[in-house]
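In: got a sequence here, can you model it:
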Amino acid sequence: MSVAELQELLAAHRPVTVLDVRSPADVDWEIPGAIQVDAYGDLQSGRLGRLAELNLPPGPVVTVCGVGRTAAIATHLLRANGVEALTLDGGMRSWSLAWNTTQTTISDCQVVQVRRTGKGCLSYIVESQSEAIVIDASVDPEVYVRLLSERGWRLVAVADTHIHADHLSRSRGLAHLEGAALLLPTQHRAQYPFRPVADGDRIVFGSTALVAMRTPGHTDESTTFLLDNTAAFTGDTLFLNSVGRPDLEGGTRQERTSRARLLHMSVSRLLQLPEATQVLPGHVSEAIPFDGRMLGTTVETIRDSVPLARLEEAAFVQAVLARIPPDPPNHLIIVQHNELGQFPVDPSELEAGANRCAVA
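Out: As a prediction, this is how the structure comes out:
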């Protein structure tokens, strides 16, 4: 079964059971609703093991592992026992490209959240009077083209909030495909043509505009895009229950400390927005279900529920630097691609795995 076929089944809420047979040590991301069974050792020995004990519901069973080989063994053995089993082609590596969407209205604008469920990346299409801007494109450009076409919207600009370290940006490819402006925060990292966006700049579309708010810390150029102070597209600076990490640009301990101070300043600045402002981040830290629910929160909720956001600068810096998670897989190579504007033929090998851009 292809990723697109499984994605379609889950989006349509049709009966399907996803059976994840990886060892627990190999599970850093999952498919929403998957049943996790540590069957790797048994399957490698040609046995179903614990899989034989499962009371599986009627309907197809899709087996999944890292790249598909062990899952194929499970499929063969399950079929021999009368189960309607199929293997997910390419396993979790290929699933990292899967996506779903939801849509809402904010300040008379339509906002489509394009959610890369296999990676946790969130991107956005923001529309006013049939003109649209895409923020942080992270799935195939053709996906956005199709979503825009279905709604009768015209793409006028594509914007990234920063140079990404966990996934390959699709923004340059999408802008080229649609003949739209490519916008990046002012910086000297990107080595290809783009329109620089500085603090306070307005990106006009339809009857409204996005306003750039420089929010450094995760990276020096990190920028939040504000929609009438009713929504903040925060990239990797502020998440639903955590903040960005300040270490992925490397450097000395002193340089990381300096960026953590900038991050505190940026988070504090964002939390001064009106309490009802919607915070729409660039990532979440878990698999995104096919439930149509917008992933966002309010400034007020973050103030009340995210302990890091309430700390004074010194305590914030100490806590953030003490809680740095492992680096995202292949992040140095991904950053290099994003700085050069390059895109590999098959991005799944570089991008597979958790995004790890947050500090909680």
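
In: now the spatially most central residue of the chain. Nearest residue, chain neighbours left out?
Out: Nearest to the geometric centre of the chain sits Cys121, at 0.6 Å (Cα atoms, centre = their mean). Distances taken as Cβ to Cβ, 6 or more residues apart in numbering place Ser138 nearest to Cys121, at 3.9 Å, with adjacent residues excluded. (Glycine included, C-beta is placed from N, CA and C.)

In: isn't that neighbour up against Arg115?
Out: No: at 9.3 Å, Ser138 does not count as touching Arg115 under the criterion of Cβ atoms under 8 Å.

In: residues shared between the contacts of these two?
Out: Cys121, Leu122 (Cβ atoms under 8 Å, 6 or more residues apart in numbering).

In: so who does Ser107 touch?
Out: Ser107 sits next to Thr208, Leu227, Asp228, Thr230, Ala231 when contact means Cβ under 8 Å, 6+ apart.

In: list the contacts of the nearest residue to the last one once chain neighbours are set aside.
Out: Right, Ala231. Closest residue in space to Ala231, ignoring its immediate chain neighbours: Gln278 at 4.3 Å, by Cβ to Cβ, 6+ apart. Applying Cβ under 8 Å, 6+ apart, one finds that Gln278 lies in contact with Ile106, Thr230, Ala231, Ala232, Gly296, Thr297, Thr298.

In: please apply the same query to Arg172.
Out: Val158, Leu182, Tyr192, Phe194, Gly341, Phe343.

In: now it: how far from Cys121?
Out: Relative to Cys121, Arg172 is positioned 16 Å away (Cβ to Cβ, to the nearest Å).

In: repeat that for Pro24.
Out: 24 Å.

In: what's the residue lying closest to Pro347 once chain neighbours are set aside in contact with, if anything?
Out: In space, Pro347 comes closest to Leu168 once its chain neighbours are excluded; the distance is 5.1 Å by Cβ to Cβ, 6+ apart. Leu168 makes contacts with Ile334, His337, Asn338, Phe343, Pro344, Pro347, Leu350, Glu351, as judged by Cβ under 8 Å, 6+ apart.

In: what do you get for Ser138?
Out: Applying Cβ under 8 Å, 6+ apart, we find Ser138 in contact with Val114, Arg116, Lys119, Cys121, Leu122, Ser123, His164, His167, Ser169, Arg170.

In: just those: which are in strands?
Out: Of the contacts of Ser138, the ones assigned to strands by DSSP state E are Val114, Arg116, Cys121, Leu122, Ser123.

In: put the buried members of the contacts of Leu168 into a ChimeraX selection.
Out: Per 16 or more other Cβ atoms under 10 Å, the buried members of these correspond to this ChimeraX selection:
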select :334,337,338,347,350,351
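
In: export the contacts of Leu168 to JSON lines and tack on distance to Ser305?
Out: Output for the contacts of Leu168, formatted as JSON lines (distance: Cβ to Cβ, whole Å):
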{"residue": "Ile334", "distance to Ser305": "31"}
{"residue": "His337", "distance to Ser305": "35"}
{"residue": "Asn338", "distance to Ser305": "32"}
{"residue": "Phe343", "distance to Ser305": "37"}
{"residue": "Pro344", "distance to Ser305": "39"}
{"residue": "Pro347", "distance to Ser305": "34"}
{"residue": "Leu350", "distance to Ser305": "34"}
{"residue": "Glu351", "distance to Ser305": "30"}
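
In: which of the contacts of Leu168 sits closest to Asp220?
Out: Closest approach to Asp220 among the contacts of Leu168 (Cβ to Cβ): Asn338, at 14.5 Å.

In: quick check: the closest one vs Leu308, distance?
Out: In terms of Cβ to Cβ, Asn338 sits 27 Å off from Leu308.

In: neighbours of the closest residue to Ser130 other than its chain neighbours, how many?
Out: Distances taken as Cβ to Cβ, 6+ apart put Trp153 closest to Ser130, at 5.3 Å, once the chain neighbours are dropped. By other Cβ atoms under 10 Å, 21 other residues sit near Trp153.

In: related to what we said a few turns ago, are any of the contacts of Gln278 buried, and if so which?
Out: Neighbour-count burial (16+ other Cβ under 10 Å) applied to those gives Ile106, Ala231, Ala232, Gly296, Thr297, Thr298.

In: which residues does the first one bridge with?
Out: Beta-bridge pairing for Ile106 (DSSP bridges): Cys109.

In: return the residues in contact with Leu122.
Out: By Cβ under 8 Å, 6+ apart, Leu122 lies in contact with Gln113, Val114, Arg115, Arg116, Asp136, Ser138, Leu280, Pro281, Gly282, His283, Val284, Leu295.

In: quick check, nearest of those to Trp95?
Out: Using Cβ to Cβ, the contacts of Leu122 come closest to Trp95 at Arg116, 10.2 Å.

In: contacts only, for that closest one.
Out: Ser96, Leu97, Ala98, Trp99, Leu122, Ser123, Ser138, Val139, His167, Ile288.

In: before we move on, what about Arg269?
Out: Arg269 touches Met213, Thr215, counting by Cβ under 8 Å, 6+ apart.

In: what about it, which helix or strand?
Out: Taking DSSP states H and E as the criterion, the element that holds Arg269 is helix 253-270.

In: coming back round to it: unless I'm mixing things up, the residue nearest to the centre of the chain is touching Glu351, no?
Out: No: counting by Cβ under 8 Å, Glu351 is not a contact partner of Cys121; they are 9.1 Å apart.

In: who touches both of the two?
Out: Taking Cβ under 8 Å, 6+ apart as the contact rule, Cys121 and Glu351 both touch Asp166, His167.

In: much appreciated, bye for now.
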